[in-house]
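J.: The amino acid sequence is not available; the structure is as follows:
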């Protein structure tokens with residue numbers, strides 16, 4: 001089996017060089033610390049703000065759906081088989097646990113790569129975290 005490194009493949013493409021330049025390595029090599037923190041802060045704030053808004057919409061949708069389901073059940077419009085719901089939830093829990101046990105090696109690899117990225121781009125990462133928290137709060 002032939003493994004293709006997509007980052008190396010993309011760097012050899014003309015559009016990549018036009019968009020990102022010839023040397024598109026870690027951000028730390030190209031920008032000052034202040035610029036890195038600013039880039040991280042702005043992108044973090046945007047992500048945090050969107051996360052907050054999407055979270056509110058999702059919570060409202062799920063909570064509203066459960067409320068309507070309960071009202072319909074109590075009013076006699078629908079009949080919920082709660083024993084079947086409980087059985088399905090327990091089945092899903094078992095499948096999730098099995099999937100989690102199988103995903104541990106992949107998770108360790110992901111954590112190692114994430115740690116390496118954070119070390120190489122500490123300014124951007126720090127700015128992103130701070131901006132993300134500010135975005136959540138606004």
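T.: Ah, there it is. Being a predicted model, the structure only gives us computed values, none of them experimental.
J.: Now do the longest helix along the chain: which elements does it pack against?
T.: With secondary structure taken from DSSP state H, the chain has its longest helix at helix 33-75. The elements that helix 33-75 packs onto, with contact taken as 3 or more Cβ pairs under 8 Å, 6 or more residues apart in numbering; DSSP states H and E, are helix 122-137. Just so you know, the C-beta spots here come from the backbone N, C-alpha and C atoms, and that holds for glycine as well.
J.: chain center to the helix it packs on: distance?
T.: Relative to the chain's own centre, helix 122-137 is displaced by 14 Å; criterion: Cα atoms, centre = their mean, to the nearest Å.
J.: tilt between it and helix 33-75?
T.: 40 degrees (axes from the mean of the first three to the mean of the last three Cα atoms, to 10 degrees).
J.: packing partners for helix 122-137?
T.: helix 33-75.
J.: make it 10 Å
T.: Judged by 3 or more Cβ pairs under 10 Å, 6 or more residues apart in numbering; DSSP states H and E, helix 122-137 is in contact with helix 33-75, helix 82-120.
J.: in that helix, what's buried?
T.: 122-128, 130-132, 135 (16 or more other Cβ atoms under 10 Å).
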